[in-house]
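> Return a 3D structure for these sequence lines:
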Amino acid sequence: MDDDTIVSLLMDESAGDEQPLHAIDQQLFHIRLANSAGKREAASVLLQKMYGWRGYEVEPNAPHEPNRITLAADSHGDTVGTMSLCLDDPVIGLPADENFGDILSPLRAQGRRLCEPARLAIDRNVNMRVFAALIHISYVYAHNLHGCTDYVIEVNPRHVRFYKRMLGFRDAAPERHCSRVGAPAVLLRLDLAHMAEQIRLYGGRMESVPNERSFYPFFFSPQDEAGITVRLREGRD
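So this is what the prediction gives:
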């Protein structure tokens, strides 16, 4: 594995095929930290493509804030998935402060340490395990490395049910206009202690818990998470 690779995933691209797999049926994905201008530009191009397809606005040349970590998934040299994790900062704050600052401030006053997954985009042809891997690695950064207690996210109202059912998010504020993407948004919140418990119960168990309908069986196992945490803590990202 390359030094800048956080994790690699070899996935079956012919799900449901009962015949033995051949190499052509598999695809290798690498998830890396987008820690250069070139990697961030590739992630931005994918973001513009996927947001534009849904009719959302996106700022193509948004500055790279110092409190933001950007992850990118690539296959055969093409960026096929990306997400950013914004860590709360007393000066910069979070992107959601622009529209929901009055909701976030009381949480901070309670001692909650907030972070915000943002700018998530996955190519439509990519296995959803890549989505789960990006979220799990962002959780490692947020919870294991930075001690964050909560995710807060702004999502389009039609995606609220998905985030609640698949990851356990809960309502934090009703619909408002999101100025950054020019569309309505609902603020959701997820206690990362809940995510930790779901990973402990279901992480890495795609085959053994077929009736579990959340995304958590597609996350890494707790043992794999421990290895990823060590790798990132040692700075080998």
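
> tell me which element the most centrally placed residue in the chain falls in.
Centroid-nearest residue in the chain: residue 135, 3.2 Å away (criterion: Cα atoms, centre = their mean). Here residue 135 sits within helix 128-139, counting by DSSP states H and E.

> Buried ones in that helix, by neighbour count?
Neighbour-count burial for helix 128-139, counted by 16 or more other Cβ atoms under 10 Å, picks out 129, 130, 131, 132, 133, 134, 135, 136, 137, 138, 139. Yep, even glycine has a C-beta here, placed from its N, CA and C like the rest.

> Pull the contacting residues for the third one.
So the one you mean is residue 131. By Cβ atoms under 8 Å, 6 or more residues apart in numbering, residue 131 lies in contact with 81, 122, 215, 218.

> all strands for this protein, in order.
Per DSSP state E, the chain carries strands over the ranges 5-12, 26-33, 68-75, 78-87, 114-122, 150-155, 170-178, 183-191.

> now what about the last one, what contacts it?
It refers to strand 183-191. By Cβ under 8 Å, 6+ apart, strand 183-191 touches 55-57, 96, 99-100, 103, 107, 149-157, 160, 163-164, 167-178.

> Residue 71 and residue 4: what is the separation?
Shown here: residue 71 relative to residue 4, a distance of 12 Å by Cβ to Cβ, to the nearest Å.

> Between these two, which is the more surrounded one?
A count of neighbours by other Cβ atoms under 10 Å puts residue 71 above the other of residue 71 and residue 4, at 25 against 14.

> Neighbour-wise, give me the winner out of the contacts of residue 131.
residue 81 (24 neighbours).

> burial measure for the spatially closest residue to it that is not a sequence neighbour, as a count.
The shortest distance from residue 81 to any residue other than its chain neighbours is 3.5 Å, reached at residue 73 (Cβ to Cβ, 6 or more residues apart in numbering). By other Cβ under 10 Å, 27 other residues sit near residue 73.

> what's the answer for the one 10 residues further on, then?
Using other Cβ under 10 Å, the number of residues around residue 83 comes to 23.

> Verify the contact between it and residue 121 for me.
Yes. Contact criterion Cβ atoms under 8 Å: residue 83 and residue 121 qualify, at 7.5 Å.
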